[in-house]
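Student: Please work out how this folds:
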Amino acid sequence: RFEDEHLVIVNKRAGLVVHPAAGHADGTLVNALLHHCSGKLSGIGGVQRPGIVHRIDRDTSGLLVVAKTDKAHEGLAKLFATHDIERRYLAIVSGQPAPPAGAVRTQIGRSPSDRKKMAVLPDGKGKHAVTHFRVIELLKKASLVECRLETGRTHQVRVHMAHIGHPLIGDS
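Tutor: Next up, the predicted model:
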């Protein structure tokens, strides 16, 4: 964890919900941050998401930048909006992508068959999403892949990797 008077960078564990929502009122990262920071987080995110500039999925581990001041929140939000903060994820995927590097460009939105899941949708539906990937290491029947997000859609890495035929190992 890194912290100064403007922000906190937290290494979120997999399984931890970032902010309170339906079914997850307690035990969230926001609850812990409010306690740790004595309630001193940016108010821009509102009561449910104080200080939260970006999120990562509940089942994803990784670094999360949290704003302690409104000025920091505004500055960080601009960096994310202009893609001046690079987001990279490591994933173990089924199989061996060929070619071993590339970009997936699709529309992502709610699955028409299961509203709880995200899916690749036809053009004109959903939101534009781009994931750049490259194989770092070939494993037995799997690959360690680095994914760099150009956009930030819900479940983007898992949806895109499944879309190209290489779902994340262990992903439901």
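Student: Which pLDDT value does the model give Glu3?
Tutor: pLDDT, Glu3: 69.
Student: for Gly62, that is, sorry about that
Tutor: Note on Gly62: pLDDT of 88.
Student: Just list the residues touching it, thanks.
Tutor: 11-12, 56, 89 (Cβ atoms under 8 Å, 6 or more residues apart in numbering). Backbone N, C-alpha and C define where each C-beta goes, glycine included.
Student: pLDDT on the top strand by length along the chain, on average?
Tutor: If you go by DSSP state E, the chain has its longest strand at strand 127-139. For strand 127-139, the mean per-residue pLDDT is 97.
Student: which parts of that strand are buried?
Tutor: 129, 131-133, 135 (16 or more other Cβ atoms under 10 Å).
Student: Please name the strands paired to the following helix or strand past that strand in the sheet, noting orientation.
Tutor: Sequence order places strand 142-149 as the next helix or strand after strand 127-139, per DSSP states H and E. Its sheet considered, strand 142-149 pairs with strand 87-94 (antiparallel), strand 127-139 (antiparallel) by DSSP bridges.
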